[in-house]
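need coordinates for the below:
(2 chains)
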Amino acid sequence: MSDIKIKSKNLNVYYGNKQALFDVNLDLNEKEVTALIGPSGCGKSTFIRCINRMNDVIDICKVTGNIEIDGIEINSKELDVVSLRERVGMVFQKPNPFPKSIYDNISYGPKIHGKGESKNELDEIVENSLRKAALWEEVKDRLNEPGTGLSGGQQQRLCIARAISVNPEVILMDEPCSALDPIATAKIEELIDELKKTYTIVIVTHSMAQAVRVSQKTGFFHLGKLIEVGKTEKIFKNPDNKMTQDYITGRFG
Amino acid sequence: MNFALIFLIIIFSISLFFYGKSKTRSLALQNNLKLNALPKFYGYYLVLWCSIPSLVFLLIWTLFEPIIIKSIIIDNAAKLGANISDKNEANLIYEKIKAIHLGTYFGDIDNILQQSALSYSKFIGLFTNSKIVLIFSVIIGSILYSLKKIKNNNKARDDVEIILKGLLFVSSLIAILTTLGIIFSLLFESIKFFSVINIFDYLFGTNWSPQRAFVRDASSITVAEYEELKDAFGFIPLIAGTSFIALIAMFVAVPIGLFSGIYMAEYASTKIRRISKPIIEILAGIPTVVYGFFAALTVGPFFRQFGESLGLTVSSESALAAGLIMGIMIIPYISSLSDDVINSVPQSLRDGSYAVGATKSETIKQVVIPAALPGIIGSVLLAVSRAIGETMIVVMAAGLAANLTINPLESTTTITTQIVMILVGDQEFDSPKTQSAFALGLTLFIATLILNYVAQRAVKKYREKYD
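The predicted structure follows:
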C-alpha cells in the first residue's frame, strides 16, 4: 500500500446558496491513479478543483473543511496559491492551448515560476515535458508553430506537457478524453499509465471502461456525496453500495 | 392633391384588409375547404396589391409630370416666337409662365406669355384629371385581379412572402445606391479639381492657402493664373496636422481606454461594471460641439496660462488642447470594444494559465491580451478613423492656418477643418477653391475606408479563432 498524498476531511463546497459537496472524506495515494466517477453535476469536478484551489476563481464559491497535501493544510488563507498550483497541475476537459507557439505554451509555466533562466535550460524543460507527454516526436520540427494548429488529441497532450512543465507532484485531469476520438483517447490512457510512475494522478471520467483501464482506486460520487471509494477492481466487481452497483451497471446516470 | 390620393389608397387598403379576411373565412366555411393560408394573409395580400402598384404609379407620374409639361410648354412658346436660345432662358420663361398661372407675376405680360400661361393651366388640369382617372383604374384593376386570385384560394402566404422580400430588397438597394451616389459625386468633383491642379502638386505640396485661388471659373483659367495658384493646394500640411492631432488623441485614448477596458472585463465586479460601463459610454454620446467649446474655451486657455507661467509660448488654439479633448471623446470607443473583445476570450484559457500557477495580472498580460490583440488593434484602428474624421472639436480648438509644425503648443489645422472653412459662406461652385473641398473629402474618405477595412479584417480574424 502506497502512502497517502492527499487527504480531504469534511470537505463542503457551496456555490452561493447551493451546496455542491457534502462532507467528503477521501484519501488519494501517492503515485497512483484515482478515478472519480458519477453522474453529471455530482461534484467530481468541484472536488478536484479544490485540490489546486481553482474554485478561488469563482466569486460565489465557498469551501469549508480541510484538504491536506503531504500533511499540510491547503485550504487556508495563508497558503500561497501560486506555489500550490506549481505542485498540483491540471488538465481540462476541452484542450485549451494558449494561442501561442508550441514552445511558448510549454515554457509559459516555467517562466512564471522563474525556472529555466537560460535558453538552454528552457529548451531542456520544453523537450523533457513534450517527451513525457509523448508528443516530442510529433512536434519537434515545428515548435514555433501555433499550438492551436495541432489536432485535438495532440492539443490535449500539449496541455498535459504544459502541466508537467512546472514539475508538479500531482496532476488533476477533468474528463481529459471527453472531447477526443478513441485513438487519441487510447494514447492519453497509455500516457497516464506512464505518468503514474512519477506523479499522483486524479482523473474525473464518465467512462467506466476508462476508469477500469487506468485507475487503481475509484471513488463514486452522487449528488455531492462520496458514496463509495475503494480499489478499482473491487468497486467494479463487487461494490458494497447498491447505488454504486446501479451506476456501474448503467441503471442510472 | 397627391396627399389626398395617398390618403385614399390607405383607406382602401385598410378596408380591403378586413374585407379579405372575412371574405376568405366565409368562403372557407361555405365551401368547407381548407385555406392555403391564414385568412389574415389574404388580407395582407389585398393590401399589398391595392397599395404598391398605385403608389409606384403615383411616384412615377409625379416625377415625370413636370418634366413633360415643361418640355411641351417650352416647345409651344418657341413655336409662338419666344426668344429661347439656351437652357437658362428657357428656365426663365418657364418660371414666368408658372408665376402667371399662379397669379404672382407682376412684370409685363406679352402675348406669348399670356398664351403659354393659358395652355399651361390647361395642361395642368388635363394632367391632374388623367392622373386621378389612371390611378383609380390602376387601383380597381389590381383589386379585381387580387380578389379573383383570392376566390381561387391561391397560396397567399407565399405571395406575401415574395412581395415582402422584394420590398426589403428595394430598401437595401436604396441605401447602397445612395452611398454609391455620394462616392461618385465626390469622385467627379475631385476629377474636375484635378483637371486644374496637378494631382502631384496636391499630394506633395507643402503649402495650403486656398484663399489665394479666388478664380472665377476653372475652365477659363490662364497660364499665369495657374502658375499663381498651383502651389496653393498642398495637401501635406493638412495630413500632417490631422495625423498629429489624431496621434495626440491616441496617446490619451489608447492607454486610458485599454486599461479601463481591462478593468471592466477582468477586475470589476458585476455591480461596478453594470454602473460604470454606461457612464463611460455617455462620453461617446456627448455632442462633439460641446467637446469643441470645452476644448476652445476651457482647456486651450488653461494650457496657454500654464505654458506662460513656465515661460513657454502657447497659442490659445493648440494641437495639444484639441488632441487631448478628442482623446477623451474617443476613450469609450476603445474601452467598450476592448472590453467586449477581452470578455470573449474563453475562460478555459485563463483557467489553463491559473492552473500552472500564474497570477491574475500575469494571465492578463501574457495570455488574455495576446489572445485579444487582433480585436484590440481593430478597436484602436476604428478609433483612429473616428479621430481623423472628427470635425467639430478641431474646427473650434485646433486653429485655421495650415502650419507645418510638430510643436503641439502651436496651432495647426486638419482636413476636416479646411473643408468647413472652404464651404462656409457664399461660394462659386466652379472655382478650384470650392472643388478642393471635394478632393479633400475624397482623400479623407479613402483614408478612413482603408482604416475601417483593415480594422474589420483584424476583428474578423480574431472572431474566426474562437467561434
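
show me the shaky parts of the stretch 101-250 of chain B.
The stretch 101-250 of chain B contains residues with pLDDT under 70 at B:153, B:212-228.

can you give me the helices in it?
Secondary structure of the stretch 101-250 of chain B by DSSP state H, counting those that start in this stretch: the helices cover B:111-151, B:156-196, B:199-204, B:223-229, B:236-262.

which of those sits closest to A:V24?
Nearest to A:V24, of all the helices of the stretch 101-250 of chain B, is helix B:236-262, at 36.9 Å by Cβ to Cβ. For every residue, glycine as well, the C-beta is placed using N, CA and C.

how many neighbours does residue 199 have?
Picking chain A for this. Taking other Cβ atoms under 10 Å in any protein chain shown as the criterion, the count of residues near A:Y199 is 24.

chain B was what I was after
Neighbour count of B:I199, defined by other Cβ under 10 Å: 14.

now do B:K460
By the criterion of other Cβ under 10 Å, B:K460 has 13 neighbours.

again with A:M54
A:M54 sits with 23 neighbouring residues when counted by other Cβ under 10 Å.

that one and B:A355 touch, don't they?
Yes. Contact status for A:M54 versus B:A355: in contact at 6.7 Å, counting by Cβ atoms under 8 Å.

identify the contacts common to those two.
A:M90 (Cβ atoms under 8 Å, 6 or more residues apart in numbering or on different chains).

now the most centrally placed residue in chain B: how far from chain A?
Compute the mean C-alpha point of chain B, and by Cα atoms, centre = their mean the closest residue is B:T179, 7.5 Å away. In this structure, B:T179 and chain A are 36 Å apart, going by Cβ to the nearest Cβ, to the nearest Å.

quick one, phi/psi of the residue in the stretch 151-300 of chain B positioned nearest to chain A?
Using Cβ to the nearest Cβ, the closest approach of the stretch 151-300 of chain B to chain A is made by B:S269 at 7.6 Å. Here the main-chain torsion angles of B:S269 (degrees, to the nearest 10) amount to phi -70, psi 160.

apart from its neighbours in sequence, what residue is nearest it?
Counting by Cβ to Cβ, 6 or more residues apart in numbering or on different chains, B:S269 lies nearest to A:D59, which is 7.6 Å off, once chain neighbours are set aside.

what's around that neighbour, how many residues?
The tally of other residues near A:D59 (other Cβ under 10 Å) stands at 10.

distance check, it against B:Y267.
With distances defined as Cβ to Cβ, to the nearest Å, the gap from A:D59 to B:Y267 amounts to 12 Å.

equivalent analysis for B:I328, please.
As it turns out, when the distance is counted by Cβ to Cβ, B:I328 lies 22 Å from B:Y267.

who's in contact with B:P287?
With contacts taken as Cβ under 8 Å, 6+ apart, B:P287 has the following neighbours: B:M392.

picking that back up, out of the helices of the stretch 101-250 of chain B, deepest packed?
Sort these by mean neighbour count, taking mean count of other Cβ atoms under 10 Å in any protein chain shown, and helix B:236-262 sits at the top with a mean of 21.

now do that helix: distance to the chain's middle.
Offset of helix B:236-262 from its chain centre (Cα atoms, centre = their mean, to the nearest Å): 24 Å.

now do the phi/psi pair for the closest residue to A:D56 other than its chain neighbours.
Closest residue to A:D56 in three dimensions, ignoring its sequence neighbours and counting by Cβ to Cβ, 6+ apart: A:V81, at 6.4 Å. For A:V81, the backbone dihedrals (degrees, to the nearest 10) come out as phi -60, psi -40.

now for A:I160: which residues touch it?
A:V91, A:A133, A:I171, A:P176, A:I188, A:L191, A:L195.

SS state for it?
Secondary structure assignment for A:I160 (DSSP: H, G, I helix; E, B strand; the rest coil): helix.

residue numbers of the stretch 151-253 of chain A in contact with chain B?
Contact residues (Cβ under 8 Å from any Cβ of the partner chain) of the stretch 151-253 of chain A with chain B: A:C159, A:R162, A:A163, A:S165, A:V166.

of those residues, closest to chain B?
A:V166 (5.5 Å).

so the closest one is in contact with A:G116, correct?
No. No contact is recorded between A:V166 and A:G116 when judged using Cβ under 8 Å, the distance being 10.2 Å.

out of the helices of the stretch 101-250 of chain B, nearest to A:T244?
Ranking those by their distance to A:T244 (criterion: Cβ to Cβ) puts helix B:236-262 first, at 47.6 Å.

tell me how far B:Y120 lies from A:N75.
Remark: distance between B:Y120 and A:N75 (Cβ to Cβ) = 97 Å.

before we move on, what about B:A383?
In this structure, B:A383 and A:N75 are separated by 46 Å, where distance is defined by Cβ to Cβ.

so for those two, which sits in the more crowded spot?
Under the criterion of other Cβ under 10 Å, the comparison of B:A383 against A:N75 puts B:A383 first, with 28 against 18.

need the pLDDT of that one.
At B:A383, the pLDDT value in this model is 91.

next: the one 10 residues further on.
pLDDT, B:I393: 89.

surely B:P346 touches A:P97?
No. Counting by Cβ under 8 Å, no contact exists between B:P346 and A:P97, whose distance comes to 11.4 Å.

how about stretch A:216-235: buried residues?
A:216-222, A:224, A:226-230, A:232, A:235 (16 or more other Cβ atoms under 10 Å in any protein chain shown).

between A:V166 and A:G116, what contacts are shared?
Each of A:P110 lies in contact with both A:V166 and A:G116 under the rule Cβ under 8 Å, 6+ apart.

of the two, which one has the most company?
Between A:V166 and A:G116, counted using other Cβ under 10 Å, the more crowded position is A:V166 (24 against 18).

Three-state assignment for that one, please.
Secondary structure for A:V166, judged by three-state DSSP, is coil.

what's the answer for A:F22, then?
strand.

check what pLDDT the nearest residue to A:L21 once chain neighbours are set aside gets.
Leaving out its chain neighbours, the residue that sits closest to A:L21 by Cβ to Cβ, 6+ apart is A:V13, at 4.1 Å. At A:V13 the predicted local distance difference test score is 94.

now swap in B:E464 and tell me
Model confidence at B:E464 (pLDDT) stands at 56.

roughly how far does the residue nearest the centre of chain A sit from B:V424?
The geometric centre of chain A, computed from its C-alpha atoms, lies nearest to A:L172 (Cα atoms, centre = their mean), at 1.4 Å. Distance from A:L172 to B:V424, counting by Cβ to Cβ: 70 Å.

with B:A240 instead?
For B:A240, the distance to B:V424 - Cβ to Cβ - is 23 Å.

please apply the same query to B:I191.
Distance from B:I191 to B:V424, by Cβ to Cβ: 24 Å.

what does B:I11 give?
The gap separating B:I11 from B:V424 is 47 Å, by Cβ to Cβ.

just B:F7 next, same as before
From B:F7 across to B:V424, the span is 42 Å (Cβ to Cβ).

ditto for A:I106
For A:I106, the distance to B:V424 equals 63 Å [Cβ to Cβ].
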